[in-house]
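[1] here's my sequence, what's the structure:
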Amino acid sequence: MAAPRPVDAVRPTSCRQRCADPVRSACIEEEAAASIHPPIRLSRRSSSRPSLRPRHLAAVAAAVIGLLGATLAFAPVAVAQPASAAAAAGTAYDGLPSAQQAALFSRQVASGELARLSDAQVLAVFQALQPDALLKWARAEMNRYPEYEYWMSRQERLNGQWQEQPARMQVRYRHAPRQLYAKWLPGGAQAGQEILYDETRR
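    Just a heads-up that it's a prediction; the model follows:
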């Protein structure tokens, strides 16, 4: 296995389950050893239904962010003024620690309250969230299920330079026994590489 390498930041470009911090730079370590082992075979009964909920929730958050980005691109003046007013009025997230923000965000997503907010209110919510609040929310959602699978695209900044080509990955994870399979997909950096971890084969 290759030794872990520090990076300046990680910028996910798309992810069906949010698992990176889009606001602040972070230092990560990853194992990038190639493996010829077969992927984890997840049972059809246990993996088909549990994986839907996290994907759905993550898709909701991604759709909201995408909607805000499109609105800001085409009507910056119209959005900027209401957003300032909404931010001035404050949100329920103001002053809360990140763990409580994550819990509140989870309740608003599950109840549909977040989807009913105006664009300005949603923007104010995301401005009020601490950087690790969404990470804690995603981790809590994923931990509700014994196993799950997701696809993501990630881009790293090394020595101040962003990678020209993002990596596209397929990840399968099982909590007990702890098993992880990750594959770098075609069309991205490190395509064809795989890693496999299985605590039962130590």
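[2] in a strand, that's where Pro131 is, yeah?
    No: following the definition DSSP: H, G, I helix; E, B strand; the rest coil, Pro131 is coil and is not counted among the residues of a strand.
[3] mind listing what Arg168 touches?
    Taking CB atoms under 8 Å, 6 or more residues apart in numbering, we find Arg168 in contact with 151-153, 184-188, 191. For the C-beta atoms, the positions are set from N, CA and C on the backbone; glycine is no exception.
[4] format those as TSV; extra columns: pLDDT.
    Putting the contacts of Arg168 into TSV (pLDDT from 0 to 100) gives the following:
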residue	pLDDT
Trp151	90
Met152	90
Ser153	90
Trp184	94
Leu185	94
Pro186	93
Gly187	88
Gly188	87
Ala191	91
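[5] by neighbours, which of those wins?
    For those, neighbours were counted using other CB atoms under 10 Å, and Met152 has the most, 22 neighbours in all.
[6] wait, isn't that one in contact with Met169?
    Yes: using CB atoms under 8 Å, Met152 makes contact with Met169 at a distance of 5.3 Å.
[7] rewinding a little: tell me which entries of the contacts of Arg168 lie within strands.
    Among the contacts of Arg168, the subset assigned to strands under DSSP state E consists of 151-153, 184.
[8] out of these, flag the one nearest to Val125.
    Met152 (23.4 Å; CB to CB).
[9] got the buried residues for stretch 187-202?
    Buried residues in stretch 187-202, counting neighbours by 16 or more other CB atoms under 10 Å, are found at 188-190, 193-197.
[10] and which of these is nearest to Gln165?
    Nearest to Gln165 among the buried residues of stretch 187-202 is Ala189, at 4.8 Å by CB to CB.
[11] work out for me the element Phe126 sits within.
    Taking DSSP states H and E as the definition, Phe126 sits inside helix 119-128.
[12] same deal with Glu156?
    strand 147-158.
[13] same deal with Arg172?
    Counting by DSSP H and E, the element that carries Arg172 is strand 167-174.
[14] in its sheet, what does that strand sit against?
    strand 147-158 (antiparallel), strand 179-184 (antiparallel) (DSSP bridges).
[15] against Leu180, how distant is Met142?
    As judged by CB to CB, to the nearest Å, Met142 and Leu180 stand 13 Å apart.
[16] neighbour-wise, which of the two wins?
    Counted by other CB under 10 Å, Met142 and Leu180 do not tie: Met142 has more neighbours, with 22 against 15.
[17] shaky segments in the protein?
    Low-confidence regions of the chain, defined here as pLDDT under 70, cover residues 1-89.
[18] which residues of it fall in strands?
    Counting by DSSP E, one finds strands in the chain at the ranges 9-15, 147-158, 161-162, 167-174, 179-184, 194-198.
[19] closest to Ala133 out of these?
    strand 9-15 (15.9 Å).
[20] check contacts around Ala103.
    Ala103 sits next to Ala140 when contact means CB under 8 Å, 6+ apart.
[21] quick one: it from Trp137, how far?
    When CB to CB is applied, the distance between Ala103 and Trp137 equals 8 Å.
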